[in-house]
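[1] Any chance you can model this:
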Amino acid sequence: MLRLFVLASVALTLSLGACGSSEKKKTDTPTETAPTVTTRPDSEAIVGTWQAGTTTIKFTADGKYTWNETRACGAPPCPTTSSNGTYQFRNGKLYLNAAGADTTEVVEFQWAPGQDGLMLNSNKQGKSWNLMRGM
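    Numbering: from 1, shown residues only. You can find the predicted model right below:
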């Protein structure tokens, strides 16, 4: 009787194992991948014209910048404040050296995805700008 029980157990185990292996495996379907976005170095990505409302900043490849801000007024043309100078990146920050200024302004910056937006934050001026790449 014991022998019959052992044989039945072995047969049952083998048949269960065979059932599991007879199932078809699902084939892996290729998954869609997101487009690859190449991030350029900061010194390349910043080159161009950036705009936010009445603020326009132009950075050139040779390390120069021009910053124009137009103040709101009742009747155009409204007064514009302009500054220019040189810029450089150091330790993850943007350093602006305005022409004729005694001090360097350190500006924190952050890129939007794809580097088509730029957020600047100046502790010195107590202002932030969310800029988009201009034309």
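
[2] can you pull the buried residues of the lengthiest strand in the chain?
    The longest strand of the chain (DSSP state E) is strand 80-90. Buried residues in strand 80-90, defined by neighbour count with 16 or more other C-beta atoms under 10 Å: 83, 85, 87. Backbone N, C-alpha and C define where each C-beta goes, glycine included.

[3] Before we move on, what's the pLDDT of Gln125?
    In this model, Gln125 is scored at 89, pLDDT.

[4] ok, now Lys26?
    For Lys26, pLDDT reads 58.

[5] ok, now Leu14?
    pLDDT, Leu14: 53.

[6] and if you look at Ala72?
    We have a pLDDT of 86 for Ala72.

[7] for Thr29, same thing?
    You'll see Thr29 listed with a pLDDT of 66.

[8] go on, Ala34?
    With respect to pLDDT, Ala34 has a value of 66.

[9] quick check: mean pLDDT across the longest strand of the chain?
    95.

[10] Any idea how far that strand is from the middle of the chain?
    From the chain centre to the centre of strand 80-90 is a distance of 23 Å (C-alpha atoms, centre = their mean, to the nearest Å).
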